[in-house]
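Trainee: Okay, predicted coordinates and the sequence, questions at the end:
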Amino acid sequence: MKITLVYDTVYGNTKQIAKAIKAGISNTHEIKLIEAERASIDDVKDADMLILGSPTHGGWFTDPVKMFLQSIQENSLGNRKGAAFDTTTSKENESWFVKKIIDFFGYASKRISKELVRKGLTLISSESFYVHGKEGPLQEGEIERAKEWSAKLTG
């Protein structure tokens, strides 16, 4: 299977997760890892699966991911699988106010998932990976969890 993994990162956490996802897949499938600002529809044309990830900012994905998605016509990626992921803060250690904001806005992976479906992909999974605070680092065990998640995508 040919897989294209497109991601954006702000503090480096999403890049670490993207690399872990690639590591979880690369022994069994061909995978290209591309930063969103450099990605184009040409990177996806030959792929059987697109995995797209972004940090969560106010419940949304970043502008480079938005621009990448806008470059793809609706329903143009049929017969392909898709998966979405994000990095975000966990509600567990947040104040009631931040918890309410997270509940209201949600996570970027949900919005990425909707966009992938609009582009014609069959969504197979969506996942959030957690960081400490706004900038990170990643919470303990998230790298391993990303590897396990990616293995399930192709299993």
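Mentor: Arrived safely, thanks for sending.
Trainee: so where's the chain shaky on pLDDT?
Mentor: For the chain, no stretch has pLDDT under 70.
Trainee: just the strands in it please.
Mentor: 2-7, 30-35, 49-55, 81-89, 122-131 (DSSP state E).
Trainee: and the most centrally placed residue in the chain, how far is that from Trp96?
Mentor: Nearest to the centroid of the C-alpha atoms of the chain, with distances taken as Cα atoms, centre = their mean, sits Gly53, at 2.0 Å. From Gly53 across to Trp96, the span is 28 Å (Cβ to Cβ, to the nearest Å). (Each C-beta comes from the backbone N, C-alpha and C, glycine too.)
Trainee: Next: Thr56.
Mentor: 19 Å.
Trainee: Settle it for me: which of these two has more neighbours?
Mentor: Thr56 (24 against 8; other Cβ atoms under 10 Å).
Trainee: Please look at the more buried one and Ala84 and confirm they touch.
Mentor: No. Here Thr56 lies out of contact with Ala84, judged by Cβ atoms under 8 Å, at a distance of 11.3 Å.
Trainee: list the residues that contact both of those two?
Mentor: Here Thr56 and Ala84 have 108-109 as joint contacts, going by Cβ atoms under 8 Å, 6 or more residues apart in numbering.
Trainee: what residues are up against Glu94?
Mentor: Ile102.
Trainee: With His132 as the reference, measure out to it.
Mentor: Distance from Glu94 to His132, by Cβ to Cβ: 11 Å.
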